[in-house]
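A.B. asks: Here is my input; please provide its structure:
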Amino acid sequence: MYILLLIYIYILFYFIVASSALAKDDFFENDTRAELFQKTDYSVPSFKITINDDDYKKLFLKVQCEEDMDGRNYTRNDDCYTTPWVNLNDVMEKAFDYKLINKSHLMYNDLEIIKNKNITLSQFERIVTRYTDEPLEKFLSIHNLIKLPSDDKESYDYKVKKAKLTFELEGDVKEFSSVTFSIGGKSTRKFGKQGYNIKLDKKSDLYGRRQIRLRAESMDPSLLRDKLSYDICNALDLPTLSANYAKLYINGKYMGFYLMRDAFKANWVKQNFGDESSKNLYTCDKKYGNSTFFNCVNDDEDNRETDTEFKTFIQRLEKVKTRDELEEFFDTKTFIKWQVVKYLIAAWDHVNYRHNVFLYLYHDKTNGNNKWIPLLYDFDNTFGEYFTYDPSYSFYNYFSYNQEFNFKINGVKYNNTLFDILELNKKDNQEVKDLIREVMIKVFNPKLLFSHADKLRNFIDPYVKVDRTYDESNHLPGVFKRKIQYREDHFSYDDFLANSEYTPIYLNESAIKDTVIHGIKEWIIDRFRNSCRLNNINCSFGTEYLNRFSVERPDPIKYDYNYMKSGYKKCTSENPEMKVIDVTGNALGLEDHEWCFIKPMEESTESTCGEYNFKCCSSYNTNIEAVDSTGLWSIELGKWCIMKDKKKEKKCRGLSYPCCSNKTSKIILSDKDGDWALENNAWCLYTFEIKCWSENHEDLPCCGKFLYNCCKNTCKLVAIQDKIQLGIENGEYCSIPYSCFEKKEETKTKTTTITTTTTKKSSPTNNTRCAHAYEPCGGINYPNSPTCCETGYYCETKNKNYHQCYPITHYH
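C.D. replies: Take a look at the predicted model:
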């Protein structure tokens, strides 16, 4: 019996060892990743967060308020009217300013309540119901009196400092009694599935890490891009983070499948550089300065006021002239290697002076020298995802297209000094070619990457299937019901299977202009073949994947439904239920787990407004809820109405509308006749600003595809570049305004306008700041948003309904 027991123990031990060996990822030769990531190769841990009821409720409050305070489908929710971001005294002042309540009609007792500056919800409701005929929920929802916080961290920073964490991994359970749990990410906060940060206290440790990031990877239908990129960088010994996958539960509720990664913090610095502190670690983002090199601050907030190292670093960069001088204090080898990897995987979102970059000041104890090392992270937009990056681009053409050799910020031209000194802008740089070959031999070739991608895909397949399967209530795990919906919120399991192979996905303009998401393997093999050809590299190490290797290229998946120019298919049910409003203002229903466009219901022809089957609004002072080619729309008594069009005599360009009289009026609609604004609730043709010509896109801004200025005094065509018609002024190309191509009888008038106006947009009088990164900057559905973007961003016209701030380096 004893012998049998020993045999059983031996077999069990052998099985455990063998299983552990199988789980280890053989993609890494010398695996220096933290123990947490070595343990979770091909094994999915669970993070189980427990928070109190109030904090749990607050987690969902913002998105619940988005739904309950939707002007088209409002529901009473007192929590939305009393949250910390709402000041009822300010709301009441707005009501007076908007003439929704006549302050002069208030009784003495009500005036005293307002003067006390501490109005309660019950007092507020009493005033609303006494002096208006609207219930509280309608009054606060349809008049835009309460502004919900935007998704950026500065506006809405959900954080719980005393959460509990249970970590489970194949029977191994670790308990942490006090962790900080918060919403994470930057631009991805707009999506329905949020990212989260977990921070352990200083005395705790989770297999070598205290800071964990869980990311939803909403923009990647394959869920492989971030993971593959981190693995490639780690295999090349580039200083970056590590990634695997994990499940998340909050108070027992399954929140879905996530990418798990670490962060550039003290644990990471200690493991990679042997430094016990993080005082030499710098986080970089364009919001920290206006340098064309790097814009960083010390990652330790306690050191920011006294830190002088970074300022000295920038001063040295501004003075350096030669590579030898640069190498004295900057790790040029790592920097160049990063550029090669960026080129191969198409990591377009890592421009040095912008974001997704850290710097570490390494102190070499052997010689006393200090050297700055660039650290990159966040690779979800890679392998040909978004914008029109072509795998046939050379190294030079890629960085030229991504505008990293030279660029404009606020109209001022800059050269990339680092690229100049290191000759990275040289078309035939042998150092770059040698590095490309080295990286392709070691890791970036189909023979290695296809095998690794297949293993990962097969491993995560069942988890992705659960994550992208709707439950009986049409909900996906962890996806909040947002007022604004994005295509990325609803990538399917079939999208995962297809895009992780050779199938590209095309999105309509409601996502991002000119959007294509290449298939993972499609990008790898095309980039590999073209890199071999363009750089005269002997790619015998991957001969089987060169021209003789052929695969069937499947037809792309196209999300380009466009019923009534909505970007969606038509709802087929007789009375579809409106579920959400999308980013362009469309009312959407849900059929077979796919969003569909709901055609506006036509009212009875009785008492209709002119030629339209909707009633006219009873007042011109009513709140404008929407604008389209039909006119202005509002809501009265819960129903849509059209504001009457006071048609004028022919006054402007032969049309039945006047020219706008105010230069600061905001353009909210563009069509074949020109740009339209509103003055005194009536349409007028805006003639102050010049628009530039571009094929089928007369409403593009004045900078054209390559940031050209508008021609002010010429209509003479001298060149055509990518369908942009160019003239020359002051020795530089300029984009010819489309007005030059209109009827001859209108030319004189418009030429006069061109010569007497400026291409500079006037700042809106009702805004005190420009929009932040990725925020709305105009469009029909955002008439009150700023029309300018903060430094380093431009206002992208995605469609007539929605404009958004994008990095200026991505204007393509």
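A.B. asks: C-alpha only now, for contacts and for neighbours.
C.D. replies: OK.
A.B. asks: Torsion angles phi and psi at the residue nearest the centre of the chain?
C.D. replies: The centroid of the chain falls nearest to Ser187 when counting by C-alpha atoms, centre = their mean (3.7 Å). Torsion angles at Ser187 (phi, psi; degrees, to the nearest 10) stand at phi -70, psi -20.
A.B. asks: Same question for the one 10 residues further on.
C.D. replies: Torsion angles at Asn197 (phi, psi; degrees, to the nearest 10) stand at phi -120, psi 140.
A.B. asks: Run a quick neighbour tally on it.
C.D. replies: 20 (other C-alpha atoms under 10 Å).
A.B. asks: so it touches Arg210, yeah?
C.D. replies: No - Asn197 is beyond contact range of Arg210, at 10.6 Å (criterion: C-alpha atoms under 8 Å).
A.B. asks: quick one: what helix or strand has Cys684 in it?
C.D. replies: strand 682-686 (DSSP states H and E).
A.B. asks: and that strand, C-alpha only, in PDB?
C.D. replies: What follows is strand 682-686, C-alpha atoms only, in PDB (Å, rounded to 0.1, in the frame of the first residue of the first chain):
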ATOM      1  CA  ALA A 682     -32.700  81.300 -38.200                       C
ATOM      2  CA  TRP A 683     -30.400  79.900 -40.800                       C
ATOM      3  CA  CYS A 684     -27.800  82.100 -42.500                       C
ATOM      4  CA  LEU A 685     -25.000  81.400 -45.000                       C
ATOM      5  CA  TYR A 686     -21.600  81.800 -43.300                       C
END
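A.B. asks: Remind me what that strand packs against, helices and strands.
C.D. replies: Applying 3 or more C-alpha pairs under 8 Å, 6 or more residues apart in numbering; DSSP states H and E, we find strand 682-686 packed against strand 674-679.
A.B. asks: The strand it packs on packs against which elements?
C.D. replies: Counting by 3+ C-alpha pairs under 8 Å, 6+ apart, strand 674-679 packs on strand 667-671, strand 682-686.
A.B. asks: ok, of these, where does mean pLDDT dip lowest?
C.D. replies: When these are ranked by mean pLDDT, strand 667-671 comes last with a mean of 63.
A.B. asks: ok, the spatially closest residue to His363 that is not a sequence neighbour - how many residues close by?
C.D. replies: Among residues not flanking His363 along the chain, Asn370 sits closest, at 4.6 Å (C-alpha to C-alpha, 6 or more residues apart in numbering). Neighbourhood size, Asn370 [other C-alpha under 10 Å]: 16.
A.B. asks: any idea of the pLDDT on Asn370?
C.D. replies: 92.
A.B. asks: With the one 5 residues further on instead?
C.D. replies: Looking at Leu375, its pLDDT stands at 97.
A.B. asks: Please apply the same query to Cys596.
C.D. replies: At Cys596, pLDDT is 77.
A.B. asks: three-state assignment of it?
C.D. replies: Using DSSP: H, G, I helix; E, B strand; the rest coil, the structure places Cys596 in strand.
A.B. asks: Next one: the residue lying closest to Pro135 once chain neighbours are set aside from Thr75, what distance?
C.D. replies: Among residues not flanking Pro135 along the chain, Thr129 sits closest, at 6.3 Å (C-alpha to C-alpha, 6+ apart). Between Thr129 and Thr75 the computed distance is 17 Å (C-alpha to C-alpha, to the nearest Å).
A.B. asks: out of these two, which sits in the more crowded spot?
C.D. replies: Higher neighbour count among Thr129 and Thr75: Thr75, with 16 against 13, using other C-alpha under 10 Å.
A.B. asks: pretty sure that one is touching Phe139, no?
C.D. replies: No - the criterion here is C-alpha under 8 Å, and Thr75 misses it with Phe139 at 11.2 Å.
A.B. asks: tell me the mean pLDDT for stretch 234-252?
C.D. replies: On average, stretch 234-252 scores 97.
A.B. asks: Over to it now: how far is its first residue from its last?
C.D. replies: Taking C-alpha to C-alpha, stretch 234-252 runs 34 Å from one end to the other.
A.B. asks: which parts of it are buried?
C.D. replies: Neighbour-count burial for stretch 234-252, counted by 16 or more other C-alpha atoms under 10 Å, picks out 234-236, 238-250.
A.B. asks: go on, stretch 254-268?
C.D. replies: For stretch 254-268, by 16+ other C-alpha under 10 Å, it's 255-268.
A.B. asks: so how far is that stretch from its chain's centroid?
C.D. replies: Chain-centre distance of stretch 254-268: 19 Å, with C-alpha atoms, centre = their mean, to the nearest Å.
A.B. asks: Look at that stretch and report the distance between its end residues.
C.D. replies: 29 Å.
A.B. asks: With stretch 166-176 instead?
C.D. replies: End-to-end distance for stretch 166-176: 6 Å, by C-alpha to C-alpha.
A.B. asks: What residues sit buried inside it?
C.D. replies: Across stretch 166-176, burial judged by 16+ other C-alpha under 10 Å covers 167-168, 176.
A.B. asks: same question, stretch 294-301
C.D. replies: For stretch 294-301, by 16+ other C-alpha under 10 Å, it's 294-300.
A.B. asks: How about stretch 101-108?
C.D. replies: Neighbour counts using 16+ other C-alpha under 10 Å place 101, 103 of stretch 101-108 among the buried residues.
A.B. asks: Same question for stretch 307-327.
C.D. replies: Those buried within stretch 307-327 under the rule 16+ other C-alpha under 10 Å are 310, 313-314, 317, 320, 326.
A.B. asks: With stretch 367-385 instead?
C.D. replies: Going by neighbour count (16+ other C-alpha under 10 Å), the buried part of stretch 367-385 is 370-385.
A.B. asks: ditto for stretch 110-122
C.D. replies: Within stretch 110-122, the residues that count as buried by 16+ other C-alpha under 10 Å are 113-114, 119.
A.B. asks: how about those residues in a markdown table, adding secondary structure, distance to Thr797 and pLDDT?
C.D. replies: Output for these, formatted as a markdown table (DSSP: H, G, I helix; E, B strand; the rest coil; distance: C-alpha to C-alpha, whole Å; pLDDT from 0 to 100):
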| residue | secondary structure | distance to Thr797 | pLDDT |
| --- | --- | --- | --- |
| Ile113 | helix | 45 | 88 |
| Ile114 | helix | 42 | 87 |
| Ile119 | coil | 41 | 92 |
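A.B. asks: with those residues in mind, which one is nearest to Leu685?
C.D. replies: Ile114 (41.6 Å; C-alpha to C-alpha).
A.B. asks: quick one: that closest one from Val91, how far?
C.D. replies: 11 Å.
A.B. asks: could you say which helix or strand contains Ile212?
C.D. replies: Going by DSSP H and E, Ile212 is part of strand 211-215.
A.B. asks: For that strand, output the C-alpha coordinates as CSV.
C.D. replies: Output of strand 211-215 as CSV, limited to C-alpha atoms (Å, rounded to 0.1, in the frame of the first residue of the first chain):
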residue,chain,number,x,y,z
GLN,A,211,0.6,47.8,-9.8
ILE,A,212,-1.8,45.9,-12.2
ARG,A,213,-3.6,47.3,-15.2
LEU,A,214,-6.6,45.5,-16.6
ARG,A,215,-7.5,46.7,-20.1
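A.B. asks: Parallel or antiparallel, list what pairs with that strand.
C.D. replies: The strands beside strand 211-215 in its sheet (DSSP bridges) come out as strand 195-200 (antiparallel), strand 253-261 (antiparallel).
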